[in-house]
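Engineer: got a structure for you, letters missing:
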């Protein structure tokens, strides 16, 4: 990650986000105008709930601010124009992509799992409670809200001694009824049974095309519960 990425996007409550104040600064706008844009977006469409209202403190006073993920940033920034608007739109999308790739890498997932487990051990020792043995990865992920790509799950399985790659894992998921096998727009999307078991979630990404129209890309991601499920499937935990 570079310095720009770390400045304009960040991780809060296990989510990769930016905020309205940072967006206003980057695009050379008044923060009150960006807040008004977001208010109008939510007023026009009650389904737009991914702008999370929060606040920041300055000179002893609290002021309104919104947090937003990559998709909601894209929705907001569609209306921004000006000499450098396109340049900053691309920089933000790149920053989101870089931080997501870094944060959801197998090494970082395992690192967060180990850190969470260490915190649990310290808490239990302080309370003089006996720590019951559990699988480190499964125990940590069970309380995590982080979902990962199918390819990253394949890397974790492979790091545990199972010969598995992304393509082979996709094939296994289709053959075993976890992903839709028939060719078409729903190919490689989770089956209804997989969704009922809470093994997957579907990430929707807004893509702004050069001709002005908006395309929504759908990507299956494995939930924390799904990660435990497939680890147990392959390792017999």
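Structural biologist: Looks like it arrived, so ask away. Quick caveat: nothing in here was measured; it's all calculated off a predicted structure. Residues are numbered from 1 along each chain as shown.

Engineer: Could you check how far residue 35 is from residue 167?
Structural biologist: 45 Å (CB to CB, to the nearest Å). Any C-beta I mention is one placed from the backbone N, CA and C, and that applies to glycine too.

Engineer: can you check residue 219 too?
Structural biologist: When residue 219 is compared with residue 167 (using CB to CB), they lie 16 Å apart.

Engineer: where does residue 164 land in three-state SS?
Structural biologist: When classified by DSSP: H, G, I helix; E, B strand; the rest coil, residue 164 comes out as coil.

Engineer: close enough to count as contact, it and residue 234?
Structural biologist: Yes. Applying CB atoms under 8 Å, one finds residue 164 in contact with residue 234, separated by 7.5 Å.

Engineer: Now for those two: what residues contact both?
Structural biologist: The contact sets of residue 164 and residue 234 overlap at residue 157 (CB atoms under 8 Å, 6 or more residues apart in numbering).

Engineer: Show me the domain layout of this structure.
Structural biologist: 3-103, 108-235 (automatic domain parsing).

Engineer: and those domains, which one is worst for confidence?
Structural biologist: Among these, domain 108-235 carries the lowest mean pLDDT, a mean of 79.

Engineer: I'd guessed residue 85 sits against residue 27; true?
Structural biologist: Yes. Counting by CB under 8 Å, residue 27 is a contact partner of residue 85 at 6.5 Å.

Engineer: Overlap in contacts, these two.
Structural biologist: With CB under 8 Å, 6+ apart, residue 85 and residue 27 have common neighbours residue 77.

Engineer: quick one: which of the two has more around it?
Structural biologist: When residue 85 and residue 27 are compared for neighbours, residue 27 comes out ahead with 19 against 16, by other CB atoms under 10 Å.

Engineer: how about the more buried one, what does it touch?
Structural biologist: 34, 77, 80, 82, 84-85, 88.

Engineer: Could you point out which of the residues you listed is nearest to residue 173?
Structural biologist: residue 77 (34.4 Å; CB to CB).

Engineer: How about the contacts made by the nearest residue to that closest one once chain neighbours are set aside?
Structural biologist: Ranked by CB to CB, 6 or more residues apart in numbering and with sequence neighbours excluded, the top spatial neighbour of residue 77 is residue 89, at 5.0 Å. Residues in contact with residue 89, defined by CB under 8 Å, 6+ apart, are 74, 77, 80, 208.

Engineer: Keep only those of the residues you listed that are in helices.
Structural biologist: 74, 77 (DSSP state H).

Engineer: Export the contacts of residue 89 as CSV, with columns for neighbour count and distance to residue 105.
Structural biologist: Formatted as CSV, these follow (neighbours: other CB atoms under 10 Å; distance: CB to CB, whole Å):
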residue, neighbour count, distance to residue 105
74, 19, 23
77, 20, 26
80, 18, 31
208, 16, 26
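
Engineer: Could you single out the nearest of the contacts of residue 89 to residue 156?
Structural biologist: Closest to residue 156, out of all of these and judged by CB to CB, is residue 74, at 29.2 Å.
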